[in-house]
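# Predicted model, plus sequence, below.
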Amino acid sequence: MDRETRTLAERHFRSLEGRVLGGGAAPARAAFIAAPAAFSYADFVRGFLLPNLPCVFSSAFTEGWGSRRRWVTPAGMPDFQYLLDKFGDVIVPVANCGVQEYNSNPKEHMSFRDYISYWKEYIQGGYSSPRGCLYLKDWHLCRESTVEDLEDVFTLPVYFSSDWLNEFWDALDVDDYRFVYAGPKGSWSPFHADIFRSYSWSVNICGRKKWLLFPPGQEEALRDCHGSLPYDVTAPVLLDARLYPRFQHSSPPLEVLQEAGEMVFVPSGWHHQVYNLDDTISINHNWVNGYNLANMWHFLQQELQAVQREISEWKDSMPDWHHHCQVIMKSCSGINFEEFYHFLKIIAEKRLLVLGQGPEEVFKDSPGPGLGHQQAAFDVSRLVEVLTSLITHPDFQRVDTSTFSLRPEELLAQLKDAMSSTAAL
C-alpha cells in the first residue's frame, strides 16, 4: 500500500462513521480484470475493497500456478491419476448435494482415492449415481502440505495477501480458511454468505462455475414467512407468496460465469449460490482484513443477539446466563467476543512490530501479511476503531479479562500511540 491509497482508505472509513460496508444494487456485470501488469494493489483497493464490489480476474493471473499445469489433462479435465498419486491416501470431507440438511448438505469423510473412484463412476454413469451427487468441499490442503508443496500448487495473489483470518489461525497453528473444492458437473453450493462476513476468492483450476451473487441487504427479500433464508434461490417454492411474501420485491442476482483459470473476488456480506458447470477443481480462501473488519464485528454482535433471543426465557433463572450465551455463540459461530479480542490482539501485535521497525522508503506491491509500513499504519487505524467499540460493548465488559496477557485497554492505548506517531508518515 502506498501513502496515497492509505490516505484515501482512512478518509473513506471516517466518512462511514462506524457503518459497515454495503454493496448497493448489484452492477449489471462484474468487472473483468484482464492484465496483471495493468492492475495494482491500489487499483484493487479503490475499485473493489472500498466499494465492496465483486470482480473477475482473467486466467493470466494464475497461468504460472503449478496446479493449473499438473492437476489438469490437456483436454481440461481433472488429471485423476496425478491427483491420486499425490493425494490418494488423504482423508477429505465430502458433501451430498442431493440432500438438504437445514440450509446446507450433510458431510462424510472418505479417502481421496475413494472419492476419485466415485467421481469416475459418476461420469461413466452419465453424471448420475445411486449415491447422489457428492462434492468434495472444504479440504484443508494447506494445513496438510509443506510450504514447498504449496509453492508448487498456487501463488497467493498480492491483492489478497493482507489476510488477517489465516494470519491469526496460522499463529495458533490449529486451523485455517484455505480450501480445495472438487466435484463433478452438477455439484453445487447452496445459498449462503461466507463465514464471519469474510471476503473470499476462488480460482478454477479446471472447469467452469456459475455464480449467483446478491449484494448485502438484498437477501432480506428472500426470507420466508418465518424469517429464514432459502436453501436454493432458484427453487419454484419461492414464487409462493404465502411462504415468501417479499420475493416479488427481490432483485435479480448478479450472474457470473467463471472460466478455467479465472479468479472471482466475492465481497464481504454478499450472499451467493454456486454451480459447477463442468467437472471442476477450485482453490478458495476466506479472508478478513482492515477493510471488512467492522463487518466481521457487526456480524458477531448479530450472532450474539440471536443466541440471547433464543435462550432469553432463562435469563433470570440461569446463573452466568451471559457467559453461557458466549459459549453457545462460539459453538455455533466458531468464535465469541473473547476470542475475537485475541484475534485483534495477535494482528495488532504484528502490526506494532512492523511500525516499530520504522518507515520504508517507498512500498511496492510485494506480498506478505503486513503489506509494508503504510499498510500496517492503516491496519492500526482500523484496529483502533473496532477495538474501541468492542471494549465499550456491555457484553464484552462482562468477560473476565483479568488473566489476559495484555489487557484490552492497554492494547488500545498502544495502538493509539502508534497511530499518533504514524499520522505524519
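Cool, the structure landed. Numbers count the residues shown, from 1 in each chain.

# residues contacting Glu255?
For Glu255, the contacting residues are Lys210, Trp211, Leu212, Leu213, by Cβ atoms under 8 Å, 6 or more residues apart in numbering. Bear in mind the C-beta positions are built from the backbone N, C-alpha and C, glycine included.

# repeat for Pro184
Contacts of Pro184 (Cβ under 8 Å, 6+ apart): Trp119, Tyr122, Ile123, Tyr127, Cys133, Tyr135, Asn276, Asp279.

# Kindly report the same for Ser389.
By Cβ under 8 Å, 6+ apart, the neighbours of Ser389 are Gly18, Trp297.

# which residues in the protein form strands?
31-33, 55-57, 91-96, 107-111, 134-139, 178-183, 188-192, 199-206, 209-214, 254-258, 263-266, 271-276, 280-287 (DSSP state E).

# And those: which comes nearest Leu150?
strand 178-183 (9.1 Å; Cβ to Cβ).

# helices or strands up against that closest one?
Packing contacts for strand 178-183, counted by 3 or more Cβ pairs under 8 Å, 6 or more residues apart in numbering; DSSP states H and E, involve helix 112-124, strand 134-139, strand 280-287.

# buried ones in the longest one?
Read it as helix 112-124. Using 16 or more other Cβ atoms under 10 Å as the test for burial, helix 112-124 gives Phe112, Tyr115, Ile116, Tyr118, Trp119, Tyr122, Ile123.

# Which of the contacts of Glu255 sits closest to Ser58?
Trp211 (15.9 Å).

# related to what we said a few turns ago, now the buried residues of helix 112-124 as a markdown table including distance to Trp164?
As requested, those are arranged in a markdown table below (distance: Cβ to Cβ, whole Å):
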| residue | distance to Trp164 |
| --- | --- |
| Phe112 | 30 |
| Tyr115 | 32 |
| Ile116 | 35 |
| Tyr118 | 37 |
| Trp119 | 35 |
| Tyr122 | 38 |
| Ile123 | 40 |
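
# Test my guess that Lys416 contacts Val384.
Yes. Assessed by Cβ atoms under 8 Å, Lys416 is found in contact with Val384 at 6.0 Å.

# Against Glu167, how distant is the nearest residue to Arg3 once chain neighbours are set aside?
Nearest residue to Arg3, sequence neighbours excluded (Cβ to Cβ, 6 or more residues apart in numbering): Gln374, at 5.6 Å. When distance is defined by Cβ to Cβ, to the nearest Å, Gln374 is 18 Å away from Glu167.

# These two: which has the busier surroundings?
More neighbours surround Gln374 than the other of Gln374 and Glu167, with 23 against 20 (other Cβ atoms under 10 Å).

# before we move on, back to that, nearest to Ser67, of the helices and strands packed on strand 178-183?
Here strand 280-287 is closest among these (Cβ to Cβ), at 7.0 Å.

# Quick check: PyMOL command selecting the buried ones in the contacts of Glu255.
Of those, the buried ones go into a single PyMOL selection, burial set by 16+ other Cβ under 10 Å:
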select buried, resi 211+212+213
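
# so Tyr181 bridges to which residues?
Ser282 (DSSP bridges).

# Just list the residues touching it, thanks.
Here Tyr181 is in contact with Tyr135, Leu136, Lys137, Asp138, Trp139, Ser202, Thr280, Ile281, Ser282, Ile283, Asn284 (Cβ under 8 Å, 6+ apart).

# for the stretch 251-400 of the chain, what spans make up the helices?
293-310, 321-333, 337-356, 372-391, 394-397 (DSSP state H, counting those that start in this stretch).

# Also the stretch 1-150 of the chain?
Using DSSP H, counting those that start in this stretch, helices in the stretch 1-150 of the chain cover 3-16, 41-44, 66-70, 80-87, 112-124, 147-151.

# Same list (the ones you listed) but as a markdown table, adding distance to Ser312 and mean pLDDT.
Listed next are the helices of the stretch 1-150 of the chain as a markdown table, based on distance: least, Cβ to Cβ, whole Å; pLDDT from 0 to 100:
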| stretch | distance to Ser312 | mean pLDDT |
| --- | --- | --- |
| helix 3-16 | 31 | 94 |
| helix 41-44 | 43 | 96 |
| helix 66-70 | 49 | 96 |
| helix 80-87 | 47 | 96 |
| helix 112-124 | 44 | 98 |
| helix 147-151 | 46 | 72 |
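
# Out of these, which is the most enclosed?
The highest mean neighbour count among the helices of the stretch 1-150 of the chain, using mean count of other Cβ atoms under 10 Å, belongs to helix 41-44: a mean of 19.

# Point out the one among the helices of the stretch 251-400 of the chain that comes closest to Arg14.
Closest among these, using Cβ to Cβ: helix 372-391, at 9.2 Å.

# on that earlier part again, please identify which of the helices of the stretch 251-400 of the chain is closest to Ala171.
Judged by Cβ to Cβ, the one of these that comes nearest to Ala171 is helix 337-356, at 5.2 Å.

# helices and strands around the closest one, which ones?
helix 164-172, helix 293-310, helix 321-333, helix 372-391, helix 394-397, helix 408-422.

# let's go with 7 Å and repeat that
helix 164-172, helix 321-333, helix 372-391, helix 408-422 (3 or more Cβ pairs under 7 Å, 6 or more residues apart in numbering; DSSP states H and E).

# can you list these in a markdown table and add mean pLDDT?
As requested, the helices and strands packed on helix 337-356 are exported to a markdown table (pLDDT from 0 to 100):
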| stretch | mean pLDDT |
| --- | --- |
| helix 164-172 | 94 |
| helix 321-333 | 96 |
| helix 372-391 | 96 |
| helix 408-422 | 95 |
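
# Comparing those, which comes out most buried?
helix 372-391 (a mean of 22).

# re the thing from before, between the strands of the chain, which gets nearest to Gly22?
strand 209-214 (12.2 Å).
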